[in-house]
Structures are given as structure tokens and as C-alpha cells.
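Participant: Prediction below, plus the sequence it came from.
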Amino acid sequence: MMNWRSAAVGMTCILGSFACSLVVGCGQSGPKTIPVSGQVTYQGTAVPAGLIVFLPASDMECRPGRAFVQSDGSYRATTVKKGDGLMAGEYRVSIMPAPLPNDVAQKKGSGPGGSNGENRPTPTIPSRYGSPETSGLKLTVDASASSVTFDMPLTDG
């Protein structure tokens, strides 16, 4: 399972790269994007929260994307405007789950769930999904697609 201090540092770096990518523009109208959405599950159960990062698989001319996992495990990818989708291309994907709130963790029996945040339980998905190099998740967005559904059924294997 993932160490939350290292995950927080990783999230900060990734979000910083998004901010920098917004500075480099593709014209005033912005890049052409294709709506991408889906469901994130782990062992058949919806992952209730997290950040998905879509990183270009090569030095192609596309921007990274991101999505926030909703409580039902669904997401809609964003490149520039909320829910606008991703640019056409190949992406490596990572998922950083959010820690469960202390009261939910205690109901699920996930750990002590102290009130200071230090004792929050670890997320319920394997840490390998937190890195695009180890997640094994890849997505190709075809330029001719009107939309893309990319479900992510996560496993221990």
C-alpha cells in the first residue's frame, strides 16, 4: 500500500506540471479534445475517490490530462476545461487514491483513524497504480473518436 507522505509529494509535482502545461498554449481556442470517461474499480468495487493522471506516452504534441474519481468510481478527464477530455494520442495512466475520511475508515474497520490525519488509513488499491511506469494502464485516444470510455478494473496481480 502507498505511503501518503510520498504520495503527497508526487501529487504536488504532477499538479505543478499541469500548471506549467497550461502556460504553454495551443492557440486561443485551445487544443482539440475528445471526451474520455469511465469507471475505476478495485476487486469489483468502485474506488470512491482519487486523482487519475494521463501522461503522454512519448514526446508527442499533446498535453497531460487528469480526472478526479467521484464517490461512485466514475470520472471525466480534463485537459484544459473541466471535463473537456484528452487530446488524441497515447497515454500512460496512474491513479492516486485519496485516503478515506476517519469516520468511514472506522466503519469499514480499516484502521485506527486518528483525528490528526497522521493515522489515516492507507487506500485500498495497490501502490503500483500510483506510478505510470508501474501501473500497466495505457490509453489510446483516437483522433476520429467522438468519445472514449476507459474503465479501469484494478487488481492485486
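Facilitator: Sure, I can see it. Residues are numbered from 1 along each chain as shown.
Participant: What values do phi and psi take at the closest residue to residue 60 other than its chain neighbours?
Facilitator: In this structure, residue 60 finds its nearest non-sequential neighbour in residue 89, 5.1 Å apart by CB to CB, 6 or more residues apart in numbering. To be clear about C-beta, it is placed using only N, CA and C from the backbone, and glycine gets the same treatment. Per-residue torsions, residue 89: phi 150, psi -170 (degrees, to the nearest 10).
Participant: Model confidence score at residue 89, please.
Facilitator: You'll see residue 89 listed with a pLDDT of 94.
Participant: Count the neighbours of it for me.
Facilitator: Here the number of neighbours of residue 89 (other CB atoms under 10 Å) works out to 19.
Participant: ok, so what distance separates it from residue 61?
Facilitator: Look at residue 89 and residue 61: by CB to CB, to the nearest Å, they are 8 Å apart.
Participant: Mind jotting down where the strands sit in the protein?
Facilitator: Remark: strands assigned in the chain by DSSP state E are 36-42, 45-46, 50-56, 65-69, 74-76, 89-97, 137-141, 148-149, 152-154.
Participant: Compare the ones you listed and give me the one nearest residue 83.
Facilitator: Within the strands of the chain, the stretch nearest residue 83 is strand 74-76; the backing value is 4.3 Å (CB to CB).
Participant: buried ones in that closest one?
Facilitator: Judged by neighbour count (16 or more other CB atoms under 10 Å), strand 74-76 contains these buried residues: residue 75.
Participant: now for that strand, which elements pack on it?
Facilitator: On a contact count with 3 or more CB pairs under 8 Å, 6 or more residues apart in numbering; DSSP states H and E, strand 74-76 meets strand 36-42, strand 65-69.
Participant: Could you save these as CSV and add columns showing mean neighbour count, distance to residue 157 and mean pLDDT?
Facilitator: Listed next are the helices and strands packed on strand 74-76 as CSV, based on neighbours: other CB atoms under 10 Å; distance: least, CB to CB, whole Å; pLDDT from 0 to 100:
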stretch, mean neighbour count, distance to residue 157, mean pLDDT
strand 36-42, 20, 12, 97
strand 65-69, 21, 21, 97
